[in-house]
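In: Have a look; sequence and predicted model below, questions after that.
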Amino acid sequence: MKKLFFLLFCLATTLLTNAQVSTNIYWIQFTDKNDSPYSIDAPDAYLSQRALDRRARLGIAIDEYDIPVNPQYLQAVADCGAQLINPSKWLNGVSVYTNNPSVIESINALEFVAAVRNCQDYPEAQIAKERWMAKEMMPAEAPRNMYDFYGGAHDQVTQLRVNELHDMGYDGTGIMIAILDGGFIGTEDYDCFDNMREEGRFLGTREFVYGSTSVYTQSTHGTSCLSTMGAYLPNEFVGTAPKASYFLIHTEDGDSENIIEEYNWVSGAEFADSLGVDVCSTSLGYIGFDLSQWDHPFEHFDGHTAPMTIGAEIAASRGLLCVNAAGNEGDGTCTLGIPGDAEHILTIGAVNSAGQRAYFSSVGPTYDGRIKPDVMAMGEGTYVASGWGSWWPYYNGDGTSFACPVMAGAVACLRQALPYASVDELFEAIRQSGNRADNPDNQYGYGIPDCTKVLDALHVDDTFAQREDIIAVYPNPAKGNVRISLKEGCVAELTVYDLMGRQLKTCHFNGFNHVGIEEFLNNLTGGVYFIKADASIGTQTLKLVVAN
């Protein structure tokens with residue numbers, strides 16, 4: 001049986017529970033979003049203010065992908081007798097459960113249903129997978145000798161020079177990270193997460209696996225991944241984004257290998273987007289399934305075919321920085337897992353502390369010839385929380401599962417430093433900072449990134465956080481008589497956006513030609529607007545509230 005890699009070399013850290021076989025799950029594909037009660041013109045009905053702010057900051061307009069699935073369509077499917085599981089607005093469909101074939105016949109007959117996909121499990125394959133997992137070796141306990149402030153995580157943090165970002169004040173503060181994974185057993189009990197809880201940076205959880213009632217079941221895998229970023233236990237364990245805020249999302253069913261898990265992930269990523277998440281870290285990937293009819297052949301790895309890849313590309317177009325593990329299938333012709341083939345995400349391979357590629361790290365190219373993985377991070381001998389608590393709290397683990405969140409934490413710090421860089425700008429700068437950028441290949445991608453070079457490439461230095469405002473707008477909130485001023489000695493390009501990210505006006509501003517821009521602002525209708533100033537010393541975006 002082809003194994004869905006869970007991207008952890010020593011899979012014995014996964015808690016195996018009794019198999020929960022969901023043999024009657026279906027994906028219902030809709031034809032359109034016609035007659036929806038939701039509107040592009042009223043996005044606050046389905047996106048948080050933080051999500052709208054991200055779109056405005058990055059100049060991303062609201063579009064049809066953002067519109068939720070038509071609730072009338074969902075109700076009609078439910079009226080046929082199916083139990084609704086997870087709708088997906090990006091894929092425009094819903095997963096459902098039923099054990100009655102006549103229910104599926106009724107759903108198929110609905111005029112707005114384009115297709116029905118049977119996502120049945122095959123119990124024998126599931127049992128075989130669990131036997132295979134049980135044979136894996138247990139990892140060794142981590143050595144207790146600690147190096148410095150980062151403790152056992154010293155090598156994985158300093159290899160990317162993330163420690164230097166921390167020294168500049170870029171430690172993830174104000175950045176929201178979502179971890180989409182297969183379970184977070186033990187997360188509630190770890191002292192390395194105490195600071196996160198005490199400071200209110202643990203934001204919550206969300207469950208997307210049918211039949212599961214809590215994210216704190218099935219697996220310790222997500223706990224280990226979280227620790228590489230969010231741990232804050234000085235001199236013992238400090239992660240790459242120790243001051244970021246975190247949301248835990250369960251999308252992977254550890255008891256099966258089912259194509260529905262790709263759809264689960266897309267629903268989870270949509271949820272993360274709606275919250276206003278900045279970075280999505282996913283140490284999951286899919287190649288083969290319990291039923292071979294779902295397997296992904298090489299031609300599926302083209303960046304726009306598999307459901308999860310499509311979802312990842314849409315997520316990136318919303319401004320989410322998606323970081324994904326490459327996989328643990330080693331050498332070959334494209335041993336990646338879906339969605340590692342996606343063009344606009346960062347796919348991470350594994351190296352050891354000396355920068356040598358781990359033998360298990362998956363390789364490209366994609367079907368359309370693109371280099372993957374993109375970059376490498378420490379995924380061999382990575383210091384992680386085990387999830388098993390005080391009797392065996394930490395260990396050195398192997399897997400691109402761990403390289404991924406190590407890098408995702410670095411991406412979060414870079415997002416803090418570079419709030420206005422687009423997804424493509426930031427990821428390309430990360431690639432070009434790699435130690436193999438001059439000669440990238442499908443073993444190492446662009447190599448090991450140097451995060452300080454990313455700041456240099458995108459013109460950020462260690463004084464950026466202390467710079468004065470470029471522009472000032474007052475009064476705010478305003479009702480006519482808006483005034484705008486510019487930092488002395490500056491010139492800037494000003495762009496005004498509405499709440500949906502639509503560009504309303506662009507002008508060159510030297511501080512003296514304020515009358516034209518002020519007249520434009522004074523004539524705006526009531527609502528929320530964003531004014532972005534691009535100057536040689538940096539970029540600033542102000543929110544302007546105009547009263548009716």
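Out: Everything's here; your move. Numbering: from 1, shown residues only.

In: Backbone dihedrals for the closest residue to Thr335 other than its chain neighbours, please?
Out: Leaving out its chain neighbours, the residue that sits closest to Thr335 by Cβ to Cβ, 6 or more residues apart in numbering is Glu329, at 3.6 Å. The way it works is simple: take the backbone N, C-alpha and C, and place the C-beta from them, glycine included. Taking degrees, to the nearest 10, you get phi -100, psi 0 for the backbone angles of Glu329.

In: residues in contact with Glu329?
Out: 5, 287, 335-337, 360, 362 (Cβ atoms under 8 Å, 6 or more residues apart in numbering).

In: Just send these back as a markdown table, with secondary structure too.
Out: Output for these, formatted as a markdown table (DSSP: H, G, I helix; E, B strand; the rest coil):
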| residue | secondary structure |
| --- | --- |
| Phe5 | coil |
| Ile287 | coil |
| Thr335 | coil |
| Leu336 | coil |
| Gly337 | coil |
| Phe360 | coil |
| Ser362 | coil |
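
In: between these, which has the most around it?
Out: Leu336 (30 neighbours; other Cβ atoms under 10 Å).

In: re the thing from before, quick one: least confident of the contacts of Glu329?
Out: pLDDT across the contacts of Glu329 is lowest for Phe5, at 37.

In: Specify which member of the contacts of Glu329 is nearest to Glu380.
Out: Minimum distance to Glu380 across the contacts of Glu329 is 8.2 Å, recorded for Phe360 (Cβ to Cβ).

In: shouldn't that closest one be in contact with Gly330?
Out: Yes - using Cβ atoms under 8 Å, Phe360 is in contact with Gly330, at 5.1 Å.

In: quick one: common contacting residues for those two?
Out: With Cβ under 8 Å, 6+ apart, Phe360 and Gly330 have no common neighbours.

In: What is the burial count for Val209?
Out: 28.

In: That one: what's it in contact with?
Out: With Cβ under 8 Å, 6+ apart, Val209 has these contacts: 218, 250-253, 261, 264.

In: Highest neighbour count among those?
Out: So for the contacts of Val209 (other Cβ under 10 Å), the most neighbours sit at Glu252, 32 neighbours.

In: And that residue, how far from Ile25?
Out: Here the distance between Glu252 and Ile25 works out to 15 Å (Cβ to Cβ, to the nearest Å).

In: Where do the domain boundaries of the chain fall?
Out: 127-138+145-291+306-435, 467-546 (automatic domain parsing).

In: Tell me where the stretch 251-400 of the chain has helices.
Out: Taking DSSP state H, counting those that start in this stretch as the criterion, the stretch 251-400 of the chain carries its helices at 260-275, 307-317, 400-417.

In: no no, the stretch 1-150 of the chain
Out: Under DSSP H, counting those that start in this stretch, the stretch 1-150 of the chain gives helices at 49-58, 71-79, 101-108, 123-134.

In: Poorly predicted segments of the chain, please.
Out: Across the chain, the ranges flagged by pLDDT under 70 are 1-23, 121-147, 460-468, 500, 548.

In: middle-most residue in the protein, spatially?
Out: The C-alpha lying nearest the average C-alpha coordinate of the chain belongs to Cys280 (Cα atoms, centre = their mean; 1.3 Å).

In: I'd like to know how far that one sits from Gln293.
Out: 29 Å.

In: Now stretch 235-244 - C-alpha only, PDB.
Out: The C-alpha trace of stretch 235-244 is given here as PDB (Å, rounded to 0.1, in the frame of the first residue of the first chain):
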ATOM      1  CA  ASN A 235      17.800  28.400  28.300                       C
ATOM      2  CA  GLU A 236      15.900  25.200  27.600                       C
ATOM      3  CA  PHE A 237      13.700  25.600  24.500                       C
ATOM      4  CA  VAL A 238      12.800  28.700  22.500                       C
ATOM      5  CA  GLY A 239      11.300  28.400  19.100                       C
ATOM      6  CA  THR A 240      11.600  30.500  15.900                       C
ATOM      7  CA  ALA A 241       8.500  32.600  16.600                       C
ATOM      8  CA  PRO A 242       8.200  32.600  20.400                       C
ATOM      9  CA  LYS A 243       6.000  35.700  20.600                       C
ATOM     10  CA  ALA A 244       3.500  34.900  17.800                       C
END
